[in-house]
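S.K.: got a sequence here, can you build the structure:
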Amino acid sequence: MSTSPTETPTTSTPEVKKQGWVRSLASNQQFILLAVLVLLIAFFAERNSLFFSTQEFGNLISDFCGLALLAVAETYVITSGGIDLSVGSTVAFSGICGAYTVQYAMEHHVGQVGVLLLGTLACVLTGAFVGAVNAFLITKVNLVPFVATLVTLSSGAGLALVFAKGGQEVGLDPSAVTFSAEGIGMFAWISIIVIVITAVLGLVLHNTRYGRYNFAIGSNDFAARAAGINVKRHVASVYVLAGILAGLTGMFFFIKGGGGAATTGIGAELNAIAAVVIGGASLQGGVGRLSGTVLGAMILTVVVDGLIFINVAPTWNQVVVAAFIALAATLQTIRPQSRR
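M.R.: Reported below is the predicted structural model:
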């Protein structure tokens, strides 16, 4: 008489399921960033109740949008295995070019909508030109991205000062400031436009062939080339895209401030790179999510604005940002790397 082996039930207990759920959340980069963001908002709101006011949140959204497009640009560049140090100076240079275009259009009695559209076009074309120079230096001259974009960083900042005649404000347009204050609730129209562009570029990065090529090149450009991807052409397009986004940021600051200044955006590339690193992207390329970058940019915005709001000297801002970068980079080295 044969006996059948006793089968051990494999159903997991509620405790095991709960531990697995908690472990999954603890290892989720997006959840950690969101939790940090909520804690920071709660901290600053506890220190000053006005931080939670509608007006302050409107300012936070505006400041976030001033960083968002540059952070998106750096996300594309960094996940492709490169780096772009020139986006900050491109903001300044394109903003000055856009300001002169606005000034010319106003002198010739162009309508307000036409003035802003022409200024935006000038900023975009200027940014695209700087991005094309970066692309040429990297793909044709074979300079490493750090050196190539360092060249355009210095030249862009210098040209902005030259065109602005030593730092004077250019193309004053009070009606642009009025437009920047209009919108829906806490969201100004220019902020809504930035948010829409960010969402669209997030979909492109994670749901299209272009995005897959970007990650493939960042992970292993040799393998990507062997798979039939035109690596140089794609890398060139990424740097042109970064320049265009920097140009749009230049116009964003022009509308927000009502004029162009040669110092606007200088140094912003560091905060943009910081947002990408805090968001979990690898500086070696091939790893990153735009949602993480957005949360990283939100965290930086809340920290910088919150410190000012609780009367901490602005000179501490860069120290705190540096601490966040160091912490994010350290966490990347001690946690398992994401799937490439």
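
S.K.: now the stretch 101-250 of the chain, which segments are flagged as low pLDDT?
M.R.: 167, 177 (pLDDT under 70).

S.K.: quick one, strands of it?
M.R.: 183-184, 187-188 (DSSP state E, counting those that start in this stretch).

S.K.: adjacent strands (with direction) for the last one?
M.R.: The one in question is strand 187-188. With DSSP bridges as the test, strand 187-188 is paired with strand 183-184 (antiparallel).

S.K.: how far away from the center of its chain is the partner strand?
M.R.: 23 Å (Cα atoms, centre = their mean, to the nearest Å).

S.K.: what's the answer for stretch 276-288, then?
M.R.: 12 Å.

S.K.: before we move on, back to that, of the strands of the stretch 101-250 of the chain, which is nearest residue 170?
M.R.: strand 187-188 (22.6 Å; Cβ to Cβ). C-beta here means a position set from N, CA and C on the backbone, and glycine is covered the same way.

S.K.: right, and the strands of the stretch 101-250 of the chain - which one's nearest residue 154?
M.R.: strand 187-188 (33.0 Å).

S.K.: of the strands of the stretch 101-250 of the chain, which stretch is the most buried?
M.R.: strand 187-188 (a mean of 18; mean count of other Cβ atoms under 10 Å).

S.K.: now the helix or strand that contains residue 67: buried residues?
M.R.: Element membership for residue 67 (DSSP states H and E) is helix 54-79. For helix 54-79, burial by neighbour count (16 or more other Cβ atoms under 10 Å) applies to 56, 58, 60-79.

S.K.: of all the strands of the stretch 101-250 of the chain, which lies closest to residue 104?
M.R.: strand 187-188 (25.7 Å).

S.K.: hmm, who's touching the closest one?
M.R.: By Cβ atoms under 8 Å, 6 or more residues apart in numbering, the surrounding residues in contact with strand 187-188 are 58, 61, 62, 180, 181, 182, 195.

S.K.: and residue 121, what is it in contact with?
M.R.: Counting by Cβ under 8 Å, 6+ apart, residue 121 has contacts residue 101.

S.K.: how about residue 159, nearest residue that isn't a chain neighbour?
M.R.: residue 93 (5.4 Å; Cβ to Cβ, 6 or more residues apart in numbering).

S.K.: scratch that, residue 253 is what I was asking about
M.R.: The shortest distance from residue 253 to any non-neighbouring residue, by Cβ to Cβ, 6+ apart, is to residue 264 (4.9 Å).

S.K.: re the thing from before, redo the strands of the stretch 101-250 of the chain as TSV? Include distance to residue 173.
M.R.: Formatted as TSV, the strands of the stretch 101-250 of the chain follow (distance: least, Cβ to Cβ, whole Å):
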stretch	distance to residue 173
strand 183-184	18
strand 187-188	16
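
S.K.: nearest to residue 290, out of the ones you listed?
M.R.: Shortest distance between residue 290 and the strands of the stretch 101-250 of the chain, using Cβ to Cβ, is found for strand 187-188: 19.7 Å.

S.K.: chain center to the closest one, what's the gap?
M.R.: Here strand 187-188 is found 19 Å from its chain centre; the criterion is Cα atoms, centre = their mean.

S.K.: what's the answer for stretch 309-321, then?
M.R.: On Cα atoms, centre = their mean, the centre of stretch 309-321 falls 21 Å from that of its chain.

S.K.: now the helices: where do they sit in the stretch 1-150 of the chain?
M.R.: 14-26, 29-47, 54-79, 87-107, 112-139, 145-163 (DSSP state H, counting those that start in this stretch).
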